[in-house]
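Participant: What follows is a predicted structure for the sequence shown.
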Amino acid sequence: MVSIRPQTRDLIERLVGFDTTSAKSNLALIDFAQDYLENQGARCRRTVNPEGTKANLFASFGPEAPGGVVLSGHSDVVPVDGQAWDSDPFTVIERDGCLYGRGTADMKSFLATAMALAPEFQAQPLKHPLHIALSFDEEVGCTGVGHMIDDITARLPLPAMVIVGEPTSMRIIHGHKGCYIFETRVRGQAAHSSQPHRGGNAIMAAGRLIAFLAELAADKRRTAPAGSTFDPPYTTFNLGEVEGGKAVNIVAQDCRFAWEFRPVPGEDIEAVIAAFRAYAENEVLPALREFAPEAAIETEQMATVLPLTPESDGAAESLVRRLSGSNTAAGVVSFGTEGGLFQSAGMSTVVFGPGSIDQAHKPNEFIALEQVAACEEFLLKLRDWAAGA
């Protein structure tokens, strides 16, 4: 039976025990993490959202100098509402060599492992700084970590490398798709359903726009780039939310829907957005305004998840490969991470962490103990590297 450090196990349980669903505050978790890490000798900095209800935490060990490595993870988790769990999602239980609970795979076990090894980071003088970064609102479009990155680049010596500990089964990932998230709001005009010529049906107009997105998705699937290593190999689209209307006998005055697309490298992002806006403006809106002259269609970009681009001779990939002993080719994934934001700020970045993305966002999410143990082993080697061993 694989075993892990008692402190790692305890911290996994503690972090999972905080319900940090993205719609809620993460301050209780951040308070706990900051208190724990400062007691281990870390220098901690917070950055907060405008409302003051959420925070990032950046904890540093070793010299106050440029270089070194950031171990980065998000503190928020996706909702459990409507999912059929066999146990309390926010209480860790062990079954058959696995730990079950919301966030065990995505990605509190990585953060807990890094925190558990903080005493090791502090136990001997480090020649290269090591940092632990906890962010907020990754799951809703990576909208929180930018506050922390801005603070790092403006006020601190710049770290050289970032390891984003998303669940990759301890495989090196050096590239992923971006993600562009939008909300489209359609305003028509209410009328009795027997008199549609006296109103403008926002739901029907939205339906045409949604059908256009489906056509774009089909076209991208037909024209997948040759040699693409992504799964799937083409730019994808998703419609995630739709709401509108008041009753079946009322011409719907309002409708909103949220959608996204995840482009492969080389995709013309602006062309995709422009095509949607042009169709809305030139095709759908004139028809909607035939009987509803005040009708409008508004599309707002809600979030941007930058792609992670494979680096030629990337420092982060080289270091992780050397310490992990991996001789397997680095891969790419279709899900997004905060890695592209760190990379765009000048830090060499890879994604490398315990657990499988196959377990993320599902009921009965779990991580295998052997994955946590492998992460512990890797981070101990990182400590030795930072100490100059």
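Facilitator: Yes, it's here.

Participant: residues touching residue 323, list them.
Facilitator: Going by CB atoms under 8 Å, 6 or more residues apart in numbering, residue 323 touches 378, 381, 382, 385. Where you see a C-beta, it was placed from the backbone N, CA and C, and this is true even at glycine.

Participant: domain ranges for the protein?
Facilitator: Domain ranges of the chain: 6-176+308-386, 179-305, per automatic domain parsing.

Participant: just those domains: most buried one?
Facilitator: When the domains of the chain are scored by mean count of other CB atoms under 10 Å, the highest mean neighbour count falls to domain 6-176+308-386 (a mean of 20).

Participant: just how off-centre is that one within its chain?
Facilitator: Relative to the centre of its chain, domain 6-176+308-386 is centred 11 Å away, using CA atoms, centre = their mean, to the nearest Å.

Participant: Quote the end-to-end distance of that domain.
Facilitator: Start and end residues of domain 6-176+308-386 are separated by 24 Å (CA to CA, to the nearest Å).

Participant: likewise stretch 229-239?
Facilitator: Distance across stretch 229-239, first residue to last, is 24 Å (CA to CA).

Participant: Would you mind putting the domains of the chain into CSV with mean pLDDT alongside?
Facilitator: As requested, the domains of the chain are arranged in CSV below (pLDDT from 0 to 100):
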stretch, mean pLDDT
domain 6-176+308-386, 97
domain 179-305, 96
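
Participant: that older thread, closest to residue 61 out of the contacts of residue 323?
Facilitator: Nearest to residue 61 among those is residue 382, at 11.3 Å by CB to CB.

Participant: Secondary structure class of that closest one, three-state.
Facilitator: The three-state assignment at residue 382 reads helix, by DSSP: H, G, I helix; E, B strand; the rest coil.

Participant: Residue 240 too?
Facilitator: Criterion first, three-state DSSP; result for residue 240: strand.

Participant: Need the nearest residue in space to it, chain neighbours excluded.
Facilitator: The shortest distance from residue 240 to any non-neighbouring residue, by CB to CB, 6 or more residues apart in numbering, is to residue 258 (5.0 Å).

Participant: The closest residue to residue 324 other than its chain neighbours: helix or strand, and which one exactly?
Facilitator: The shortest distance from residue 324 to any non-neighbouring residue, by CB to CB, 6+ apart, is to residue 378 (5.6 Å). Secondary structure assignment for residue 378, by DSSP states H and E: helix 369-386.

Participant: any residues touching that helix, and which ones?
Facilitator: 1-5, 8, 12, 62, 68-69, 71, 94, 97-99, 109-110, 113-114, 116-117, 120-121, 126-130, 165, 169-170, 319-320, 323-324, 353-356.

Participant: one more time with 7 Å, if that's ok
Facilitator: Contact partners of helix 369-386, identified using CB atoms under 7 Å, 6 or more residues apart in numbering, comprise 2, 4-5, 8, 62, 68-69, 97-99, 109-110, 113-114, 117, 120-121, 126-128, 130, 169-170, 323-324, 353-355.

Participant: Same check on stretch 284-296?
Facilitator: The set of residues external to stretch 284-296 that reach it, using CB under 7 Å, 6+ apart, is 187, 188, 189, 197, 198, 199, 200, 205, 208, 209, 297.
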